[in-house]
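Chemist: Could you look at this predicted model? Sequence included:
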Amino acid sequence: MSISPVLDVQQIIDDAPFSPAQRRSIGMVMAISVFIGFDALIMAISAPAIAEDWGTTTASLTSAIVASLLGMIIGGLFLAPRADRWGRRPVLIGGVLLFGVMTLAVVAVQNIDQMIPLRFIAGIGLGAVMPNTYAYGAEFAPKRRRATAVTVVGASSAGGGFVGGLLASAIIPTFGWRSVFVLGGILPLLLIPALLRWLPETVQFLTLSGKDDRARALLRSIDRDAVGPVDVPLVMQDHRRGEKPSMKLLFTRRLAPVTLVLCVVFFNAVLLILFLMSWIPSVLTDAGLSTGHAVAASAVCNLGAMFGGVGIGIMADRRRNPSRMLSICFTIAAVAIVATALSIGSIVVLMVSVFVVGAFAIGTQMCVNAVAAEIYPSWLRATGMGVLSGVDRVGSVVGPTIGGALLAAHVPAKTIFLLAVVPAIVASIGMAAVRWVAPRQVENLMSDSEDPTPELSGAGDHLRP
């Protein structure tokens, strides 16, 4: 009996050269990520100037920062997973539109009470978009470059924060803090026509949705020779087995351990990042540094994240087991945080240490996204990344809240930085544990075919010790 030929969609993407179509698509989500980074840090960048304009303290602006982060939790938990049912493209474009409009609207506010709901709604848009940029990058990149592609997307976010910090330090003295929100709102909105024109849906989603003609056309733009002119059926190895994407599947017996460990890592990594990034300008200003030096330190931290994220991603793609390396990177971040606490009196040493913190705290978290995206199957990837994003946003609420409380209590800057060592160490331990729980889930999956929980896509090869 003859066997009908089929085309494995993921295999085609993994085996094909990195085509211009893939580069263009990933370039589009990189552009989105730049504005995510700008908007996510816009309150931290503007806080000292807003406090001065309104005659209040930076600690009093905590509620606006937390409102944005609460919105990101809701967007990550409830809107980002919709991309597994509606598609990556509409969620990405809709989210950009939402946070662009809400950021621009801040220009008209006159007090903190008016700002809070706008930042909350903008946060919902950011929460919907952020995890899907990682999922999108993972699906368009071949396996051999997947970690690099995902971390480059994340590094673009850090790049947005870096450019935003530089722009803020240049334009706030002349045009005021509202000018930063004008840029943070208009620029994403100007990107939308380009997204409508050049941001395609992912091949994986099109295949799983039964839209084979569109999927085949996109595959031909990636590798015409692999697809050919004959309409051979397309398949995905990590098929659904009849299930619909849902958060419940992430906490089934087989996926629960790795999901829970990743939740610990994401929570602590982002608590660390937002604890530092939300308050670096304010903490350093209170420590006696000029506003220019304090904002520059925030920008340098993001610059470190850009270089660190890309470098760590390249190294991860060359390793069979990147989780061990990422655990070490979080430990290096902890050491750099201690160095930062001890170097506040020296501008040069301070800038070097915050650069290293950005490289090994923020940069490592970018690569953790690549590992997480590799673990979950494509049809459950946006749900998995959305839930992890929602969990890490809880950390992002806790971090700035703790920072604001410490500032209000006039805790010394050195002590504030030293406290940030704790989540760095916890993230390091959690990342070391991923290499053990993920392979066991693969083995359990292979030994029990009656449980209809989803299979792990690629985790067995990528994370096995």
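Modeler: Now that the structure is in, tell me what you want to look at.

Chemist: contacts, neighbours, all on C-alpha from now
Modeler: Will do.

Chemist: Show me what the helix or strand where Gln114 lies is packed up against.
Modeler: Taking DSSP states H and E as the definition, one finds Gln114 inside helix 112-140. When contacts are defined as 3 or more C-alpha pairs under 8 Å, 6 or more residues apart in numbering; DSSP states H and E, helix 112-140 sits against helix 20-40, helix 62-74, helix 88-105, helix 146-175, helix 203-208, helix 363-375, helix 378-408.

Chemist: That one vs helix 146-175, what angle?
Modeler: 150 degrees (axes from the mean of the first three to the mean of the last three C-alpha atoms, to 10 degrees).

Chemist: So for helix 112-140, what gets flagged as buried?
Modeler: For helix 112-140, the neighbour count (16 or more other C-alpha atoms under 10 Å) marks 112, 115-140 as buried.

Chemist: which stretch among the helices and strands packed on helix 112-140 comes nearest Ala51?
Modeler: Among those, the nearest to Ala51 by C-alpha to C-alpha is helix 62-74 (11.1 Å).

Chemist: mind saving the C-alpha coords of that closest one as PDB?
Modeler: What follows is helix 62-74, C-alpha atoms only, in PDB (Å, rounded to 0.1, in the frame of the first residue of the first chain):
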ATOM      1  CA  THR A  62       4.100  54.400  41.900                       C
ATOM      2  CA  SER A  63       0.300  54.000  41.300                       C
ATOM      3  CA  ALA A  64       0.700  54.900  37.600                       C
ATOM      4  CA  ILE A  65       3.600  52.500  37.100                       C
ATOM      5  CA  VAL A  66       1.700  49.700  38.900                       C
ATOM      6  CA  ALA A  67      -1.500  50.400  36.900                       C
ATOM      7  CA  SER A  68       0.400  49.800  33.600                       C
ATOM      8  CA  LEU A  69       1.900  46.600  35.000                       C
ATOM      9  CA  LEU A  70      -1.500  45.400  36.200                       C
ATOM     10  CA  GLY A  71      -2.800  46.000  32.700                       C
ATOM     11  CA  MET A  72       0.100  43.900  31.300                       C
ATOM     12  CA  ILE A  73      -0.900  41.100  33.600                       C
ATOM     13  CA  ILE A  74      -4.500  41.100  32.200                       C
END
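
Chemist: helices and strands around the next helix or strand after that helix, which ones?
Modeler: Later in the chain than helix 62-74, the nearest helix or strand by DSSP H and E is helix 83-86. Applying 3+ C-alpha pairs under 8 Å, 6+ apart, we find helix 83-86 packed against helix 88-105, helix 378-408.

Chemist: mind exporting the shortest one as CSV, just the C-alpha atoms?
Modeler: C-alpha atoms of helix 88-105 as CSV (Å, rounded to 0.1, in the frame of the first residue of the first chain):
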residue,chain,number,x,y,z
ARG,A,88,-0.6,36.1,15.9
ARG,A,89,-1.1,38.9,13.4
PRO,A,90,-4.4,40.4,14.6
VAL,A,91,-3.4,40.3,18.2
LEU,A,92,-0.1,42.0,17.5
ILE,A,93,-1.6,44.7,15.4
GLY,A,94,-4.5,45.3,17.7
GLY,A,95,-2.2,45.5,20.7
VAL,A,96,0.1,48.0,19.1
LEU,A,97,-2.9,50.2,18.2
LEU,A,98,-4.2,50.0,21.8
PHE,A,99,-1.0,51.0,23.6
GLY,A,100,-0.2,53.6,21.0
VAL,A,101,-3.5,55.5,21.4
MET,A,102,-3.5,55.2,25.2
THR,A,103,0.1,56.5,25.5
LEU,A,104,-0.6,59.5,23.2
ALA,A,105,-3.7,60.3,25.3
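
Chemist: weakest of the helices and strands packed on helix 112-140 in terms of mean pLDDT?
Modeler: Mean pLDDT across the helices and strands packed on helix 112-140 is lowest at helix 378-408; the value there is a mean of 80.

Chemist: Mind giving me the packing neighbours of that helix?
Modeler: By 3+ C-alpha pairs under 8 Å, 6+ apart, helix 378-408 packs against helix 62-74, helix 83-86, helix 112-140, helix 203-208, helix 256-277, helix 363-375.

Chemist: right, so of these, which gets closest to Leu7?
Modeler: That would be helix 203-208 among the helices and strands packed on helix 378-408, by C-alpha to C-alpha, at 10.8 Å.

Chemist: Would you mind pulling the contact partners of that closest one?
Modeler: 9-10, 84, 87-88, 139-140, 212, 214-215, 218-219, 234-236, 239, 378-379 (C-alpha atoms under 8 Å, 6 or more residues apart in numbering).

Chemist: Mind checking which of those residues are buried?
Modeler: Buried, going by 16+ other C-alpha under 10 Å: 9-10, 84, 87-88, 139-140, 212, 214-215, 218-219, 234-236, 239, 378-379, out of these.

Chemist: and the next element down the chain from the strand or helix carrying Phe307?
Modeler: According to DSSP H and E, Phe307 maps onto helix 291-317. For helix 291-317, the following helix or strand on the C-terminal side (DSSP H and E) is helix 322-342.

Chemist: can you list the residues that contact that following helix?
Modeler: Residues from elsewhere that reach helix 322-342, judged by C-alpha under 8 Å, 6+ apart: 316, 349-350, 353-354, 356-361, 364, 367-368, 371, 413-415, 417-418, 420-422, 424-425, 427-432, 434-435, 462-463.

Chemist: Thank you kindly, that will do.
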